[in-house]
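Chemist: can you look at this prediction? I've put the sequence above it.
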Protein chains: 6
Amino acid sequence: MSDSVTEFNDYRSRMNEKILADNNKIIKRIFNLDTNAYAEGALDVKTKELLGLVASAVLRCDDCVKYHLETSYKIGLSKDEVVEALSIATLVGGTIVIPHLRRAYEFWDALEQQG
Amino acid sequence: MSDSVTEFNDYRSRMNEKILADNNKIIKRIFNLDTNAYAEGALDVKTKELLGLVASAVLRCDDCVKYHLETSYKIGLSKDEVVEALSIATLVGGTIVIPHLRRAYEFWDALEQQG
Amino acid sequence: MSDSVTEFNDYRSRMNEKILADNNKIIKRIFNLDTNAYAEGALDVKTKELLGLVASAVLRCDDCVKYHLETSYKIGLSKDEVVEALSIATLVGGTIVIPHLRRAYEFWDALEQQG
Amino acid sequence: MSDSVTEFNDYRSRMNEKILADNNKIIKRIFNLDTNAYAEGALDVKTKELLGLVASAVLRCDDCVKYHLETSYKIGLSKDEVVEALSIATLVGGTIVIPHLRRAYEFWDALEQQG
Amino acid sequence: MSDSVTEFNDYRSRMNEKILADNNKIIKRIFNLDTNAYAEGALDVKTKELLGLVASAVLRCDDCVKYHLETSYKIGLSKDEVVEALSIATLVGGTIVIPHLRRAYEFWDALEQQG
Amino acid sequence: MSDSVTEFNDYRSRMNEKILADNNKIIKRIFNLDTNAYAEGALDVKTKELLGLVASAVLRCDDCVKYHLETSYKIGLSKDEVVEALSIATLVGGTIVIPHLRRAYEFWDALEQQG
């Protein structure tokens, strides 16, 4: 697996574990909601993942973008679909989204290299 | 047509006309992109509309939310689909999105009343 | 009760009811968390209310500010305490917070008038 | 003077007075800085006013935009200059700035009508 | 002292010195206000520090969060109190706050290790 | 040339090339607008560059700030002019802009060292 993907996931898992071990109810429930919100419902899983991706991109949260890119990749969204979603994010959020677009492209490349 | 929908659209059209009459190239092109970005491509029109809606909701732009709600309604997205998209926006963007959710519900009601 | 306070609360209640009637699980749980998060815990209720107020003010959500002002008023926080919290919000969030500060002052006056 | 301009200024003055009467030192000093920051320095007054306008527009603070539009108008900035500044704000901040652009145009019209 | 804490403080001090050496009045006064705003007043120092922490967290400013975590630690706020404040930030600001929560936990650990 | 400047520009160019090679029309046109928006018009190039800088600073986009700092440096804006623009950004955007101010100073130093 690509180093940057592994590194991202390792840090994320390690810190999430620490946070959840603390047993703060509000935080635990938000983490729990975060897992449930992207499950199939009135909308299918691919659409919801792209919604999460675009929300993350316009709010300019690189780690959130990476997380949704990885899930998007795993559930079979194509690069074209992902880029089209990101193009809407860039239009709505403006040119300040562009640096995050660069990092999104870099991370997508890393995901493709991990095969 | 519901008064709040008509009022929103009238103001929007009137001011857009004034803005475009000014012939500022950058602004005109951004307006133009805004029309093209939601056209069918790698993603279908319904998905793209929901992406625009969620981006608008997390960035807490009531007028943008209204615009995407109206288009969502016109292209046949169901209330369940729209609400599910907004639920992701509320989770990603936090409880500060809730007041915008209230106004989104109110505007959707107005859209349904206009039939 | 002051008209602006009543109007705010009526709209808020009416729309919350509509939203919750829709039974979207994610939204319902976020509403539920919103009630629990400000309960006495490691921090007392007054401190938590001020934290909610400052978070709302720097994120420039007028309705959220109003909500926390009303609760702050009810649980006996003084105007001095509330204003000091808002001064931190204005410093951290910058002069763009000032218009929200104006509306916060106006709403606090309305709360005091309702006695 | 145009009603919307008068109304905006009256509310602003009335509430600023209330805020300053409270003698919160932090808030008073921020208000004071806000007056000094736009005075002639390494940059001239017109440039600084436009900087305040663009900062306000990308942060989507309508009242701040109005304030800087009024000062811009008074110190003799032309509509072309103001619109060009706002075009940069719209590009950098994205299409969510457009609703604020509409209200900025409306307020500029009101300023011109007051003569 | 933990390396990450030292590194953060060294960079911060070095750059603050450069900025203040420049004698820009507005910036110097904002730095000055930043020192005064968290002093005992109507609210005690611990409450004000938590207000600064939550404002920083919802605005997703890692360096600001670190700064307030360090002061919180020094003035004797417990981890439970800090985490409870951060839980409110995560609820109000949404899941995009979570990556900042991870880095906050990591920095708090570093503070505890420095003893 | 200073290492941090070279590194920033290399990464930027490499990723921009990848993004543009993808031929997403919306993204390509936004990139294109980004080039045109800062050209001489009703406002001169120096003023427009400072508008881009301040917009980037209040939106707290470090890479955007760096880009505008580099162009500002190249077109002959003085450090005093740039710092004065950044002081307005810090006042309007609040103390959360300060960490970005530190990094802006550091990058300006790197630009001066490259001669």
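Modeler: It's in.
Chemist: going forward, measure contacts and count neighbours with C-alpha atoms only.
Modeler: Will do.
Chemist: quick one: stretch A:12-24 to chain centroid distance?
Modeler: Distance of stretch A:12-24 from the chain centroid (CA atoms, centre = their mean, to the nearest Å) equals 19 Å.
Chemist: that one and chain E, are they touching?
Modeler: Yes - in terms of CA under 8 Å from any CA of the partner chain, part of stretch A:12-24 sits within range of chain E, namely A:12, A:15-16, A:18-19, A:24.
Chemist: mind listing what the residue positioned nearest the centre of chain A touches?
Modeler: Centroid-nearest residue in chain A, with CA atoms, centre = their mean: A:His68, separated by 2.0 Å. By CA atoms under 8 Å, 6 or more residues apart in numbering or on different chains, the contact list for A:His68 reads A:49-50, A:52-53.
Chemist: between the residues you listed, which is nearest C:Gly115?
Modeler: Distance to C:Gly115, by CA to CA, is smallest for A:Gly52 among these, at 44.6 Å.
Chemist: and the gap between the closest one and A:Ile26?
Modeler: Separation of A:Gly52 from A:Ile26 (CA to CA, to the nearest Å): 21 Å.
Chemist: C-alpha coordinates for the lengthiest helix in chain A, PDB please?
Modeler: Counting residues, the longest helix in chain A under DSSP state H turns out to be helix A:3-21. C-alpha atoms of helix A:3-21 as PDB (Å, rounded to 0.1, in the frame of the first residue of the first chain):
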ATOM      1  CA  ASP A   3       3.100   5.100   2.100                       C
ATOM      2  CA  SER A   4       1.000   8.200   2.300                       C
ATOM      3  CA  VAL A   5      -2.200   6.200   2.500                       C
ATOM      4  CA  THR A   6      -0.800   3.900   5.200                       C
ATOM      5  CA  GLU A   7       0.500   6.700   7.200                       C
ATOM      6  CA  PHE A   8      -2.800   8.600   7.000                       C
ATOM      7  CA  ASN A   9      -4.800   5.500   8.100                       C
ATOM      8  CA  ASP A  10      -2.400   4.600  10.900                       C
ATOM      9  CA  TYR A  11      -2.500   8.000  12.500                       C
ATOM     10  CA  ARG A  12      -6.200   8.200  12.000                       C
ATOM     11  CA  SER A  13      -6.800   4.800  13.700                       C
ATOM     12  CA  ARG A  14      -4.400   5.400  16.500                       C
ATOM     13  CA  MET A  15      -5.900   8.700  17.500                       C
ATOM     14  CA  ASN A  16      -9.500   7.600  17.000                       C
ATOM     15  CA  GLU A  17      -8.800   4.800  19.400                       C
ATOM     16  CA  LYS A  18      -7.400   7.200  22.000                       C
ATOM     17  CA  ILE A  19     -10.400   9.600  21.600                       C
ATOM     18  CA  LEU A  20     -12.900   6.800  21.900                       C
ATOM     19  CA  ALA A  21     -11.100   5.300  24.900                       C
END
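Chemist: contact partners of stretch A:39-47?
Modeler: A:38, A:48, A:72, A:75, A:77, B:47, B:80-81, B:84-85.
Chemist: mind redoing it with 6 Å?
Modeler: With contacts defined as CA atoms under 6 Å, 6 or more residues apart in numbering or on different chains, stretch A:39-47 is touched by B:Glu81.
Chemist: and that stretch, what's its mean pLDDT?
Modeler: Here stretch A:39-47 scores 98 as its mean pLDDT.
Chemist: by proximity to chain D, which residue of chain A wins?
Modeler: A:Gly94 (3.3 Å; CA to the nearest CA).
Chemist: from F:Arg29, how far off is that residue?
Modeler: The value you get for A:Gly94 to F:Arg29, if CA to CA is used, is 12 Å.
Chemist: how about A:Val82, secondary structure?
Modeler: Secondary structure, DSSP: H, G, I helix; E, B strand; the rest coil: A:Val82 is helix.
Chemist: okay, the residue lying closest to it once chain neighbours are set aside: pLDDT?
Modeler: Residue nearest to A:Val82 in three dimensions, not counting chain neighbours: A:Leu50, with 7.2 Å by CA to CA, 6 or more residues apart in numbering or on different chains. We have a pLDDT of 98 for A:Leu50.
Chemist: mind telling me what element A:Leu50 is part of?
Modeler: A:Leu50 belongs to helix A:45-58 when assigned by DSSP states H and E.
Chemist: tell me the first helix or strand C-terminal of that helix.
Modeler: Downstream of helix A:45-58, the first helix or strand assigned by DSSP H and E is helix A:62-74.
Chemist: mean confidence score for that next one?
Modeler: Helix A:62-74 carries an average pLDDT of 98.
Chemist: ok so, going back, neighbour count for A:Gly52 and A:Ile26, which is higher?
Modeler: With neighbours defined as other CA atoms under 10 Å in any protein chain shown, A:Gly52 and A:Ile26 compare such that A:Gly52 has more, 27 against 20.
Chemist: if we can go back for a sec, for chain C, see how far away the residue of chain A closest to chain D is.
Modeler: Separation of A:Gly94 from chain C (CA to the nearest CA, to the nearest Å): 19 Å.
Chemist: residues near the nearest residue in space to A:Leu51 that is not next to it in sequence, how many?
Modeler: Leaving aside its sequence neighbours, A:Leu51 sits nearest to B:Leu51 (CA to CA, 6+ apart; 5.6 Å). For B:Leu51, the count of nearby residues is 28 (other CA under 10 Å).
Chemist: repeat that for A:Glu70.
Modeler: Neighbours of A:Glu70 (other CA under 10 Å): 19.
Chemist: so how far is chain F from it?
Modeler: A:Glu70 sits at a distance of 18 Å from chain F (criterion: CA to the nearest CA).
Chemist: same check on A:Asp10?
Modeler: Remark: distance between A:Asp10 and chain F (CA to the nearest CA) = 25 Å.
Chemist: what about that residue, neighbour count?
Modeler: As a burial measure, A:Asp10 scores 12 neighbours (other CA under 10 Å).
Chemist: and for A:Ala57?
Modeler: Look at A:Ala57: counted by other CA under 10 Å, it has 29 neighbours.
Chemist: that one: what's it in contact with?
Modeler: Contacts of A:Ala57 were listed using CA under 6 Å, 6+ apart, and they are A:Val65.
Chemist: show me which residues of chain A are close to chain F?
Modeler: Residues of chain A lying close to chain F by CA under 6 Å from any CA of the partner chain are A:87, A:102.
Chemist: swap the cut-off to 10 Å and go again
Modeler: A:60, A:79-80, A:83-84, A:86-91, A:94-106 (CA under 10 Å from any CA of the partner chain).
Chemist: so what's the residue nearest to A:Leu51 up against?
Modeler: By CA atoms under 10 Å, 6 or more residues apart in numbering or on different chains, B:Leu51 lies in contact with A:47-48, A:50-55, A:85-86, A:88-89, A:92, B:38, B:45, B:57, B:68, B:85.
Chemist: now swap in A:Ile30 and tell me
Modeler: When the contact criterion is CA under 10 Å, 6+ apart, the partners of A:Ile30 are A:36, B:91-92, B:94, C:26, C:29-30, C:33, E:87, E:90-91, E:94-95, E:98.
Chemist: please pick the buried ones from those.
Modeler: Neighbour-count burial (16 or more other CA atoms under 10 Å in any protein chain shown) applied to the contacts of A:Ile30 gives B:91-92, B:94, C:26, C:29-30, C:33, E:87, E:90-91, E:94-95, E:98.
Chemist: which members of these occur in helices, if any?
Modeler: In this view, those that belong to helices under DSSP H are B:91-92, C:26, C:29-30, C:33, E:87, E:90-91, E:98.
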